[in-house]
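Participant: Quick one, what's the 3D model for this:
(2 chains, ligands or ions: 2)
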Amino acid sequence: MRDRVVPPSGPTAWLTTFTAATMAFLAVFALALALASGRLADRWSEGLANSATIRISAPADQMERQTQVVLELLSTTPGVASARALTDDEQRRLLEPWFGPDLPISALPIPRLVEIIEASPGYDGEGLRQRLAAEAPGAILDDHTRWRRPLTVAAERLRFLGLVSILLIIGAMAAMVTLAANAALATNAQVIKVLRLVGARDSYIARAFVRRFTLRALGGAAIGTILGMLAVLALPSADAAGGFLTGLGFQGAGWLLPLLLPPLAAVIAFAATRFAAFRKLRELT
Amino acid sequence: MIAFDNVAYSYGGGELLSEVSLRLAPGSFHFLTGPSGAGKSTFLKLCYAELLPTAGRVTLFDREVRSLSRDDIARTRRRIGVVHQDVQFLDHLPLAANVTLPLTVSDRESSASDLADLLGWVGLGQMADALPPSLSGGERQRAAIARAVIIDPDVILADEPTGNVDWEMSLRLLTLLVELNRMGKTILIATHDLNLIRSAKSQVAARVLRIRNRRIQLAGADL
Ligand SMILES: Nc1ncnc2c1ncn2[C@@H]1O[C@H](COP(=O)(O)OP(=O)(O)OP(=O)(O)O)[C@@H](O)[C@H]1O
Ligand SMILES: [Mg+2]
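Facilitator: Numbers count the residues shown, from 1 in each chain, chains lettered A, B, ... in the order given. Ligands and ions are numbered 1, 2, ... in the order given. Predicted structure coming up:
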C-alpha cells in the first residue's frame, strides 16, 4: 500500500534505470582501467627502480674478455652497488618467450647481459657510457630506468584518471538521480500535499519515493555492471595480445570489485532521493 | 482542544483576521459563518496548522503550534478530521483506498466492515472502487467526510461540507456530524447555509461564530 500512495511514474521510471545501467557500465571500464594501469605501474617500477643492464655484443672470442673488462670497470664506478653477468640459463629464460626453450645460447651471437644494481646516489650514466665506449667498444649501457620511468608515470596517471572517472561517474549519477527525484516530487506535489494533510509524516512520504529510486538504481546498476563485466571478459586476453601489454581486465579478487557498484548506486540513489524529498517537504507545512 | 489567543493572520497584504481569541471546548459544536472571502477557510487552516498565525498563539491539544515539529504536526492532524472546501484525493487510487488513507499513512489497519458501514452511511456504498475523478461534486464531499472521520479523530473541521449536495443529503450529513458530536467529538462547520444552522440547533446545542470586520465573535440567538 505504502508504495501505491505515489502514483506509478510510467516511462520516466526507465530513465533512472537506464542512467544507472549506463553509469555502472562506464564505471566497470573505469575500474578495469584503474586496476590494469595500477598493475602496469607496479610491474614497471618494481625491480627497475635502481637497476640497469649493459649489453655486450662482441665476436665470440672477445666476449669473455670484454665482459671481464666491463665488470672491472663497473667495480670502480662510483654509484654502482653491484654488477654481475647473467648466466646462460638466465639469458635463456629471458629469451624463451620469443625463441622457445631449446635455444642454443652458446651457438648464437647473442649479446651477453650484465646487470647493474645502482646505489644511491646513482652513477653518472653519461660518464659510464663514455668509459665503456673507450674500454669495451661492444658494450652498450641499456639504462632502462630512463625509458621505463616515463611509462611508469604514464601508467600511474592512467590509474589516477580511472579513479577520477569513477568519482565523476558517481557524482553524475547522484546528480541525475537528484534531478529525476525532483521531477517526480514536482509531478506529485498534489499527492504529497494530500498525504501531509491526512497526517503522513515526512519520513513516510519520503520513503515512498526513496524506495522506488533506490530499487531502480540498484536494478539498473546491476544490469550495467553485468554487461560491463561481460564486455571486459570479452576483451582479448593479455597473453593473446602479447606479453608486453597488460590486459585491460580484472584479475583474481579484482573481479569482486565491480560487484560493489550496484549497492553503491543504491546507496547514492537512496541518499540523493532522501535529500531531495526532505528538502521538498520542508516547503509544505 | 483548540484555542486562539489574540491571533492575527495575513496572507501578506493587510490582516485578514485580527485579535481572534476563542476556545473550542471538547465536545462542543460550532458553526462558523461570514461572507465569502471573510476568512472562514483561513481560520480552519489555522486550526490544523496548514497556516501558522502571523501574530498571537494557536494552541492545539495544549501545545502551541509554533513549538510543534513537523512530525508533531503530522501526529496532531491524525486527531483532527478535516473536510476541505476544495477536497483533494489521490486520483490514482479508488475511493475506498482514499477514504482509508489517514489510517494507511499512520500505519494502522482498516477494518473492511467499518469501511463498508462508513461508505454506506455517506451513501457511497456502491462507489468503493470508483476513482475520484469520476465522482460528482456531492459525492466527493461525502467521501471527504468519510475520510475525515475514519481515523476516529477528536475534532472534526468541515469547510462547507454541504456546498454541493441537495437539501436532503445536507440534512443527512448534518445528522452524521451531530451523531459524531454525541459520541464526544468536537465539531466545527464553516458554512453560509443558515437553514443548515437552524436545523442543527434543533438537534444539538450548537454555537455560531461569525466573522465580521476581521474579528470572530459569538453570534447571539438572532443569527
Ligand atoms: N493562499 C492565499 N494567498 C493570498 N490570499 C489568499 C490565499 N488564500 C485565501 N486568500 C484570500 O483570503 C481571503 C479569505 O479567503 P478564505 O478562503 O479564508 O475565505 P472564505 O471565508 O473561506 O470564503 P468562501 O466562503 O468563499 O470559502 C480571500 O480574500 C482570499 O482571496
Ligand atoms: Mg472557504
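Participant: Just the buried residues of stretch B:197-210, please?
Facilitator: The neighbour-count check on stretch B:197-210 (16 or more other Cβ atoms under 10 Å in any protein chain shown) flags B:Ile197, B:Ser199, B:Ala200, B:Lys201, B:Gln203, B:Val204, B:Ala206, B:Arg207, B:Val208, B:Leu209, B:Arg210 as buried. (Each C-beta comes from the backbone N, C-alpha and C, glycine too.)
Participant: roughly how far apart are the fourth one and ligand 1?
Facilitator: B:Lys201 is 21 Å from ligand 1, where distance means Cβ to the nearest ligand atom, to the nearest Å.
Participant: now the fifth one
Facilitator: Using Cβ to the nearest ligand atom, one obtains 24 Å as the distance from B:Gln203 to ligand 1.
Participant: go on, the third one?
Facilitator: Relative to ligand 1, B:Ala200 is positioned 18 Å away (Cβ to the nearest ligand atom).
Participant: Tell me which residues touch that residue, please.
Facilitator: B:Phe29, B:Phe31, B:Leu174, B:Val178, B:Ile189, B:Ala206 (Cβ atoms under 8 Å, 6 or more residues apart in numbering or on different chains).
Participant: neighbours around the fifth one, how many?
Facilitator: Applying the criterion other Cβ atoms under 10 Å in any protein chain shown, we find 28 residues in the vicinity of B:Ile189.
Participant: Surely it touches B:Leu180?
Facilitator: No: at 11.2 Å, B:Ile189 and B:Leu180 do not qualify as touching, with contact defined as Cβ atoms under 8 Å.
Participant: Do a quick rundown of the helices in the stretch 51-200 of chain A.
Facilitator: A:60-75, A:88-99, A:125-135, A:144-187, A:189-197 (DSSP state H, counting those that start in this stretch).
Participant: Actually, chain B.
Facilitator: Under the criterion DSSP state H, chain B contains helices at B:40-47, B:70-77, B:95-99, B:101-105, B:112-121, B:137-149, B:167-182, B:194-203.
Participant: Just the CA atoms of the fourth one, as CSV, please.
Facilitator: Provided in CSV are the C-alpha atoms of helix B:101-105 (Å, rounded to 0.1, in the frame of the first residue of the first chain):
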residue,chain,number,x,y,z
LEU,B,101,-5.7,6.9,3.6
PRO,B,102,-5.4,8.5,7.1
LEU,B,103,-5.2,5.0,8.5
THR,B,104,-2.7,3.9,5.9
VAL,B,105,-0.3,6.8,6.5
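Participant: give the contact list for the residue of chain B found nearest ligand 2.
Facilitator: In chain B, no residue comes nearer to ligand 2 than B:Ser41, which is 3.1 Å away by Cβ to the ion. If a contact means Cβ under 8 Å, 6+ apart, then B:Ser41 has B:Gln85, B:Asp159, B:Ala190 as its contacts.
Participant: Can you check the pLDDT for the closest residue to the second one other than its chain neighbours?
Facilitator: Yep, that's B:Asp159 we're talking about. Computed as Cβ to Cβ, 6 or more residues apart in numbering or on different chains, the closest residue to B:Asp159 that is not its neighbour in sequence is B:Gln85, at 4.0 Å. Looking at B:Gln85, its pLDDT reads 90.
Participant: list the contacts for B:Gln85?
Facilitator: Going by Cβ under 8 Å, 6+ apart, the list of residues near B:Gln85 reads B:Ser41, B:Asp159, B:Glu160, B:Gly163, B:Ala190.
Participant: pLDDT below threshold where in the chain?
Facilitator: All of this refers to chain A. For chain A, applying pLDDT under 70 flags the ranges A:1-2, A:45-50, A:97-98, A:105-106, A:144-149, A:237-247.
Participant: Chain B was what I was after
Facilitator: Counting by pLDDT under 70, chain B contains low-confidence ranges at B:220-223.
Participant: Quick one: name the residues of it near ligand 2.
Facilitator: Counting by Cβ under 5 Å from the ion, chain B comes close to ligand 2 at B:Lys40, B:Ser41, B:Gln85.
Participant: want to try a markdown table for the residues you listed, with distance to B:Ala96 as columns?
Facilitator: Supplementary listing: those in a markdown table, determined by distance: Cβ to Cβ, whole Å:
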| residue | distance to B:Ala96 |
| --- | --- |
| B:Lys40 | 30 |
| B:Ser41 | 27 |
| B:Gln85 | 23 |
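Participant: check which helix or strand covers the residue lying closest to A:Leu257 once chain neighbours are set aside.
Facilitator: The shortest distance from A:Leu257 to any non-neighbouring residue, by Cβ to Cβ, 6+ apart, is to A:Leu31 (5.9 Å). Using DSSP states H and E, A:Leu31 sits within helix A:12-45.
Participant: Buried by neighbour count: which residues of that helix qualify?
Facilitator: A:13, A:15-17, A:19-41, A:44-45.
Participant: same question, stretch A:197-215
Facilitator: Buried, per 16+ other Cβ under 10 Å, within stretch A:197-215: A:197-202, A:204-210, A:212-215.
Participant: Name the nearest residue to A:Arg216, ignoring sequence neighbours.
Facilitator: A:Thr16 (4.3 Å).
Participant: so who does that neighbour touch?
Facilitator: A:Met176, A:Val177, A:Ala180, A:Phe213, A:Arg216, A:Ala217, A:Gly220, A:Ala269 are the contacts of A:Thr16 under Cβ under 8 Å, 6+ apart.
Participant: Name only those of those that count as buried.
Facilitator: The neighbour count (16+ other Cβ under 10 Å) marks A:Met176, A:Val177, A:Ala180, A:Phe213, A:Arg216, A:Ala217, A:Gly220, A:Ala269 as buried among the contacts of A:Thr16.
Participant: so what's the residue nearest to the spatial centre of chain B up against?
Facilitator: For chain B, the residue nearest the mean C-alpha position is B:Leu157 (1.8 Å; Cα atoms, centre = their mean). By Cβ under 8 Å, 6+ apart, the residues touching B:Leu157 are B:Leu44, B:Cys47, B:Tyr48, B:Ile80, B:Gly81, B:Val82, B:Val83, B:Ala148, B:Leu188, B:Ala190.
Participant: Could you identify which of those residues has the most neighbours?
Facilitator: That'd be B:Gly81 among those, by other Cβ under 10 Å, with 28 neighbours.
Participant: Get me the contact residues on the stretch 1-150 of chain A for ligand 1.
Facilitator: With Cβ under 6 Å from any ligand atom as the criterion, the stretch 1-150 of chain A does not meet ligand 1 at any residue.
Participant: Name the residue of the stretch 1-150 of chain A with the shortest distance to ligand 2.
Facilitator: Closest residue of the stretch 1-150 of chain A to ligand 2, Cβ to the ion: A:Val5 (26.8 Å).
Participant: Residues of chain B that sit close to chain A?
Facilitator: Counting by Cβ under 8 Å from any Cβ of the partner chain, the residues of chain B close to chain A are B:48-52, B:70-71, B:73-75, B:77-78, B:82, B:84, B:88-93, B:97, B:101-102, B:104-106, B:147, B:151.
Participant: Now the buried members of those.
Facilitator: Buried subset of these (neighbour count, 16+ other Cβ under 10 Å): B:48-51, B:70, B:73-74, B:77-78, B:82, B:84, B:88-90, B:92-93, B:97, B:101-102, B:104-106, B:147, B:151.
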